[in-house]
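> Predicted structure and sequence below. I'll ask about it afterward.
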Amino acid sequence: MDRFFLSLLIISGFILGVWTKVKYDHLSYHLLHVNSKGSYFVIPKGATIHSVATDLYQKGFLDYPLYLELLARWRGVSRNIKAGEYYIQPEAAVSEFLQQIVSGKIAQHSLTLVEGWTFSQMMIAIRNSVHLNQTLKQVPLSEIMASLGYSQEHPEGRFFPDTYFFPTDTTDFEFLHRAYQLMKQHLIQEWEARAPDLPYRNPDEALILASIIERETALPKERPLVAGVFIRRLRKGMRLQADPTVIYSLGKDFNGNLRRQDLRTDTPYNTYTRLGLPPTPICMPSLESLHAALHPDKGEALYFVAQSDGSHYFSSTLEEHNVAVQAYQLGILSNQPRNLK
């Protein structure tokens, strides 16, 4: 008789174990109802596993709220969920979502600040971002730096161009402060490792030239060459004669056609009429342009002219440069000189 009850107990235990495993697997691998692009779900601060499960059910993500709640209690993590916005992937299982909210793997949004953008272009992108908490939207652009605590600095070129990832509820203030600090960090690092005997009085002047380099060429291999030309011109007391500085001074009046009259109209940013550097950067320079400004090419070129393929021809004498201008911009010569490297 004892053997009978013992056998019955073993069989019952086995059946219970199988049932438990089946139910556990059913709870774990039950799929959430998410569209093909995935969905976002927000867990507020102070939420419980019960309130999260109920919310998922009410929003149509989950067939039975008890599934998530039972699984969480089964695993002993019902009190470990983290608040935040979560991205639910298509065909995500309940167990996968539970792991997300326990580990606190919140959704990350992104915003790219493009190399060569001006401050106003950057602010348009920031203010158009639906994922940033807009706290500075009513602040005029002229007062943004003061709002950030840098009232003595001009905003142009002070923010590092990069792709930034951030969670929901990140403020525009926090985003701008992060981009500002990253540019400051890169500028200091490049300045401390700079080549000797450069004609800069401080890191800010290097930042200004880096912004001009950024707008002069899109080819990474040319940036040290362009930097070398400008450095040698500064040393010789020659005007930089950089078109992008004139274009920057024209602002919204620039229609894509740079005229002789524009080059002759004196402004603080016109490097055809004024010696030295303009008063501020003209855009957000890339790290490559920063590096080039502080590690220029050691050649002899003093001039360059754009070629049809977007690259430039570099010349060490005015005579050679004039020939290049006739060939590449005026189209006078049939035998065009080869590009100097």
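Sure, I can see it.
> pLDDT score assigned to Pro65?
pLDDT for Pro65: 87.
> again with Ala324
Looking at Ala324, its pLDDT reads 89.
> just Asp253 next, same as before
89.
> Likewise for Asp25?
Asp25 is assigned 47 on the pLDDT scale.
> Can you give the distance from the host helix or strand of Ser211 to the centre of its chain?
Element membership of Ser211 [criterion: DSSP states H and E] is helix 203-216. Relative to its parent chain, helix 203-216 has a centroid offset of 19 Å by Cα atoms, centre = their mean, to the nearest Å.
> And Arg75, how far from Phe97?
Using Cβ to Cβ, to the nearest Å, Arg75 is found at 13 Å from Phe97. (Each C-beta comes from the backbone N, C-alpha and C, glycine too.)
> what about those two, which has more around it?
Phe97 (23 against 16; other Cβ atoms under 10 Å).
> check contacts around the more buried one.
Residues near Phe97 by Cβ atoms under 8 Å, 6 or more residues apart in numbering: 32, 68, 86, 88.
> State the mean pLDDT of stretch 152-164.
Here the average pLDDT along stretch 152-164 is 97.
> got the contact list for it?
Here stretch 152-164 has contacts from 110-119, 122, 141, 144-145, 150, 175-176, 178-180, 182-184, 186, 207-208, 210-211, 279-287, using Cβ under 8 Å, 6+ apart.
> That one: how far from the chain's middle?
Centroid separation for stretch 152-164 versus its chain: 11 Å, with Cα atoms, centre = their mean.
> buried set for it?
The neighbour-count check on stretch 152-164 (16 or more other Cβ atoms under 10 Å) flags 155-162, 164 as buried.
> Out of those residues, give me the two with the largest separation.
Put simply, by Cβ to Cβ the two of these set farthest apart are Glu156 and Tyr164, 19.1 Å from each other.
> For Ile247, which non-adjacent residue is spatially closest?
Phe254 (5.2 Å; Cβ to Cβ, 6 or more residues apart in numbering).
> On the C-terminal side of the helix holding Ser211, identify the next helix or strand.
Assigned by DSSP H and E, the successor of helix 203-216 is helix 223-236.
> pLDDT weak spots in the chain?
Applying pLDDT under 70 to the chain picks out residues 1-29, 330-341.
> Please enumerate the strands of it.
39-43, 84-88, 109-112, 163-166, 303-306, 312-315 (DSSP state E).
> Of all these, which one comes closest to Thr54?
Closest to Thr54 of the strands of the chain, according to Cβ to Cβ: strand 39-43, at 11.9 Å.
> thinking again about what came up before, single out the most deeply packed of the strands of the chain.
Highest mean neighbour count among the strands of the chain (mean count of other Cβ atoms under 10 Å): strand 312-315, with a mean of 23.
> quick one: the helices in the stretch 51-200 of the chain?
Using DSSP state H, counting those that start in this stretch, the helices of the stretch 51-200 of the chain run over 65-75, 94-103, 119-127, 144-148, 172-192.
> relative orientation of the second one and strand 39-43 in degrees?
An angle of 50 degrees separates the directions of helix 94-103 and strand 39-43 when computed by axes from the mean of the first three to the mean of the last three Cα atoms, to 10 degrees.
> What sits closest to Leu225 if chain neighbours are left out?
That would be Asp297: by Cβ to Cβ, 6+ apart, it lies 4.8 Å from Leu225.
> Distance check, that neighbour against Leu219.
13 Å.
> again, but for Leu148
Distance, Leu148 to Leu219, using Cβ to Cβ: 33 Å.
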